[in-house]
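Sequence below, structure please.
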Amino acid sequence: MNDNLNYYISIYFKDYLPKVIGVSKNTLLSYRDTFLILLEYLENKLNKNINKLKINDITSNEIRSFLNFLEENKHNSISTRNQRLAAIHSFYKFLKTKELSYLDLFTQILSIPFKKAPKNTITYFSKDEISILINCPNALTKNGYRDYVLLLLMYETAARVQEICDIKRHSIQFKETYTYVTITGKGNKTRTVPINSDLSLILKDYFDTFKISNDDYLFKNKNNNKLTTKGISYIFSKYVHKSQNSYPEKFKEHYSPHSMRHSKAMHLLESGVNLIYIRDFLGHESVITTEIYAKANPVVKEKQIIEHAYNITNDSKYTDNTKEELLNFLKTLWEVNKD
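The predicted model follows:
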């Protein structure tokens, strides 16, 4: 029997997550961050080198204490707390297949419930606000032109921020009669999103202007590295604030980059597009997830729920690794798995 926790964490991150169940890079990084925080917390609390931690050193009480620490000391949201717990649950489900002698301990940890979080309000821009926001960058400058195309693509494709970061030139295909972008979303699932003719022409000019080759990322920073989610959030917030200052009577909500995605979905819904098509466009597994837009929009709420009740009821499923060594291993996971 091997009860060294370090050993199993290494196997879990090096082999199990990427090779056995094939999680996405984003999930791998999220789980890595959870264990970096957890191991440092346990080392301080238990006053024990993390290389010497045994499986039974971590009880359900220690995990509960860690979760409280996240909320009370690190001021994490309930959503973040639940994401950390999901990573811990995943690890202990893996341990259950390796060490049956600790089954009771694993069961206790796996029984720790997720916390109920208040439902977030969907914030989205009106069509007028979207027009103002997208045209806010000075497209006559290099960075302004990049930002203009960035905001336009975020809205027109309703892509998540990480999805936008990951788009490369070859992801966009120009056909004779139409253009589309292939987007890789959650769980490495891909979807194709059509692009209108106006945006298609803008993208062609953008590629020429920035000399973007086939394997280049669409959006890069001043160091010629691809924009990160933080970089896009900064750009987005800059233009939201600028738009708010220019139009104080508008932009009254608390917006995030995800509001672009919400806005496109709402505008499609307001235009009468069927929820099933919006589901496919957004890459939702279930139309029930897409239904939140119908519920949040007072104009179309009643109409859409009635019109699409049959579809909502009958088509809910969408079918298509010393302490330094361990910490360094976790911190370098991105480099190991990025190719």
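
can you tell me how far G22 sits from S30?
Plainly put, G22 is 15 Å away from S30 if you go by C-beta to C-beta, to the nearest Å. Every residue, glycine included, has its C-beta placed from N, CA and C.

Strands of the stretch 101-250 of the chain, start to end?
Under the criterion DSSP state E, counting those that start in this stretch, the stretch 101-250 of the chain contains strands at 172-174, 179-184, 190-195.

Now mean pLDDT and mean neighbour count too, for those, in a markdown table please.
Output for the strands of the stretch 101-250 of the chain, formatted as a markdown table (pLDDT from 0 to 100; neighbours: other C-beta atoms under 10 Å):
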| stretch | mean pLDDT | mean neighbour count |
| --- | --- | --- |
| strand 172-174 | 93 | 15 |
| strand 179-184 | 91 | 18 |
| strand 190-195 | 89 | 16 |
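
As TSV, those strands with distance to G144 would be great.
Putting those into TSV (distance: least, C-beta to C-beta, whole Å) gives the following:
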stretch	distance to G144
strand 172-174	21
strand 179-184	22
strand 190-195	21
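
Only the buried residues of stretch 101-110, if you could.
For stretch 101-110, burial by neighbour count (16 or more other C-beta atoms under 10 Å) applies to Y102, L105, F106, Q108, I109, L110.

Spit out the contact partners of Y145.
Contacts for Y145 (C-beta atoms under 8 Å, 6 or more residues apart in numbering) come out as P137, A139, Y206, T209.

and the second one, how many neighbours?
The number of residues packed around A139, counting by other C-beta atoms under 10 Å, is 15.

Any stretches of the stretch 51-200 of the chain with poor pLDDT?
Along the stretch 51-200 of the chain, segments meeting pLDDT under 70 span 119-120.

Start from the N-terminal end of the stretch 51-200 of the chain and give the helices.
In the stretch 51-200 of the chain, the helices defined using DSSP state H, counting those that start in this stretch lie at 60-72, 78-96, 103-110, 127-134, 142-157, 161-166, 197-210.

Next, the angle from the longest helix belonging to the chain to strand 179-184.
The helix that spans the most residues within the chain, counting by DSSP state H, is helix 25-46. With axes from the mean of the first three to the mean of the last three C-alpha atoms, to 10 degrees applied, the angle from helix 25-46 to strand 179-184 works out at 30 degrees.

and helix 25-46, average pLDDT?
What helix 25-46 shows for mean pLDDT is 91.

same question, stretch 264-284
In this model, stretch 264-284 has an average pLDDT of 84.

What residues of that stretch count as buried?
Buried-residue list, stretch 264-284, by 16+ other C-beta under 10 Å: 264-269, 275, 278-284.

Next: stretch 109-121.
For stretch 109-121, by 16+ other C-beta under 10 Å, it's I109, L110, I112.

List the residues that contact the spatially most central residue of the chain.
Geometric centre of the chain, nearest residue: Q162, 6.0 Å, by C-alpha atoms, centre = their mean. Shown in contact with Q162 (C-beta under 8 Å, 6+ apart): N26, T229.

begin at 25 from here
New numbering, starting at 25: the last item is Q186.

For it, give its distance to K288.
17 Å.

L127 too?
48 Å.

got it, and E273?
23 Å.

try L134
Distance from L134 to K288, by C-beta to C-beta: 38 Å.

I196 is in contact with D240, correct?
No: contact criterion C-beta atoms under 8 Å: D240 and I196 do not qualify, at 11.4 Å.

if we can go back for a sec, summarise which helices and strands the longest helix of the chain is packed against.
Counting contacts by 3 or more C-beta pairs under 8 Å, 6 or more residues apart in numbering; DSSP states H and E, helix 49-70 is packed against helix 84-96, helix 102-120, helix 347-355, helix 357-361.

Distance from the chain centre to that helix, please.
Remark: helix 49-70 is offset 19 Å from the chain centroid, using C-alpha atoms, centre = their mean, to the nearest Å.

Please find the angle between the direction vectors of it and helix 84-96.
Angular relation of helix 49-70 and helix 84-96 on a 0 to 180 degree scale: 110 degrees, by the same axes, to 10 degrees.

ok, and the closest non-adjacent residue to K274?
Leaving aside its chain neighbours, K274 sits nearest to E153 (5.4 Å; criterion: C-beta to C-beta, 6 or more residues apart in numbering).

Show the contacting residues for that neighbour.
E153 touches S267, Y271, K274, F275, counting by C-beta under 8 Å, 6+ apart.

Give me the distance between D27 and G168.
58 Å.

check contacts around F130.
For F130, the contacting residues are Y116, L119, K120, by C-beta under 8 Å, 6+ apart.

what about the closest residue to N28 other than its chain neighbours, neighbour count?
Closest residue in space to N28, ignoring its immediate chain neighbours: K78 at 6.7 Å, by C-beta to C-beta, 6+ apart. Look at K78: counted by other C-beta under 10 Å, it has 13 neighbours.

surely K78 meets N30?
No: K78 is beyond contact range of N30, at 9.7 Å (criterion: C-beta under 8 Å).
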